[in-house]
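Student: sequence? don't have it. structure:
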């Protein structure tokens with residue numbers, strides 16, 4: 001290759017890297033259906049702004065720290081009390097969604113916080129870890145949603161504390177056919193999209209775009225596909241509320 005072409009390529013590379021916009025997503029959503037829905041959601045939000053985001057599925061706290069440090073550009077979605085821990089993250093003020101915490105169990109009697117049997121939580125789900133600490137519960141962390149559900153199906157744990165939306169998307173990979181659920185707390189947690197402070201100028205445009213995507217019903221459709229995934233493999237989720 002001629003030297004001048006090599007020089008042009010070397011000069012262009014930093015510009016290309018500078019224009020890369022990377023969004024962190026918790027690895028808890030790295031299973032197939034979760035990837036499809038979350039990446040589709042944020043592609044729909046960013047594309048009208050002329051940004052084609054790239055996605056990183058990283059361990060929860062590590063990913064958040066990389067966004068806080070400016071190594072990544074944005075955090076897909078976090079509950080506000082978790083996002084507030086990171087000083088360089090700015091929340092887009094239009095909520096993405098709301099969620100509650102629930103207990104998932106194979107036998108109804110275990111879907112009660114007063115029951116003293118072990119309680120499993122997904123390590124990357126920081127809001128469930130926070131809830132355990134706040135209520136002084138004996139919670140055992142497991143690596144991700146799929147390993148938690150597999151432990152449940154094999155009788156290694158009796159119940160799991162999870163969110164009422166995104167955690168349900170991987171139930172089909174658990175081998176379970178029937179599962180019981182019960183709301184663990186009436187508290188509602190709000191999920192926001194976060195950007196590193198260097199992208200503060202994007203906040204008004206992102207706010208307008210999230211409003212538009214919400215109004216169109218797209219955000220609700222993405223969440224419903226995860227919430228209803230268990231029924232697609234003939235699984236039955238029975239509410240005890």
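Tutor: Nice, I can see it. Because the structure is a prediction, the values reported are computed rather than measured.
Student: could you check the distance from residue 130 over to residue 60?
Tutor: Between residue 130 and residue 60 the computed distance is 12 Å (C-beta to C-beta, to the nearest Å). Where you see a C-beta, it was placed from the backbone N, CA and C, and this is true even at glycine.
Student: Please apply the same query to residue 186.
Tutor: Residue 186 sits 25 Å away from residue 60, going by C-beta to C-beta.
Student: got it, and residue 39?
Tutor: Taken as C-beta to C-beta, the span from residue 39 to residue 60 is 17 Å.
Student: that older thread, have a look at residue 130 and residue 60 and say which one is more surrounded.
Tutor: residue 60 (20 against 17; other C-beta atoms under 10 Å).
Student: my read: that one touches residue 26, true?
Tutor: Yes - assessed by C-beta atoms under 8 Å, residue 60 is found in contact with residue 26 at 4.8 Å.
Student: so what sits against both of the two?
Tutor: 124-125 (C-beta atoms under 8 Å, 6 or more residues apart in numbering).
Student: neighbours of the residue nearest to residue 207 when sequence neighbours are not counted, just the number please.
Tutor: Excluding the flanking residues, the one nearest residue 207 by C-beta to C-beta, 6 or more residues apart in numbering is residue 94, at 4.8 Å. Using other C-beta under 10 Å, residue 94 has 17 other residues around it.
Student: tell me the SS of residue 94?
Tutor: Under DSSP: H, G, I helix; E, B strand; the rest coil, the three-state class of residue 94 is coil.
Student: Would you agree residue 148 falls within a strand?
Tutor: No - in this structure, residue 148 is helix, not part of a strand, as judged by three-state DSSP.
Student: Please name the nearest non-neighbouring residue to it.
Tutor: In this structure, residue 148 finds its nearest non-sequential neighbour in residue 142, 4.5 Å apart by C-beta to C-beta, 6+ apart.
Student: just checking, the one you found touches residue 119?
Tutor: No - contact status for residue 142 versus residue 119: not in contact, 10.8 Å apart, counting by C-beta under 8 Å.
Student: Need the overlap of contacts for those two.
Tutor: residue 157.
Student: pLDDT below threshold where in this protein?
Tutor: Counting by pLDDT under 70, the chain has low-confidence residues at 1-18, 30-33, 115, 166-167, 169.
Student: Spell out the residue ranges of the helices in it.
Tutor: Using DSSP state H, the helices of the chain run over 3-18, 32-46, 60-68, 80-83, 126-134, 145-153, 203-216, 218-227, 229-232.
Student: winner for burial among those helices?
Tutor: helix 145-153 (a mean of 22; mean count of other C-beta atoms under 10 Å).
Student: Check the burial of residue 135 by counting its neighbours.
Tutor: So residue 135, with other C-beta under 10 Å, has 12 neighbours.
Student: what's it in contact with, if anything?
Tutor: Neighbours of residue 135 in contact, by C-beta under 8 Å, 6+ apart: residue 113.
Student: if we look at the lengthiest strand in the chain, which residues are touching it?
Tutor: Longest strand in the chain by number of residues, with DSSP state E as the criterion: strand 189-196. With C-beta under 8 Å, 6+ apart as the contact definition, strand 189-196 has outside contacts at 42, 45, 67-68, 70, 72-81, 83, 86, 88-101, 127, 202-203, 206, 210.
Student: Cheers, nothing more for now.
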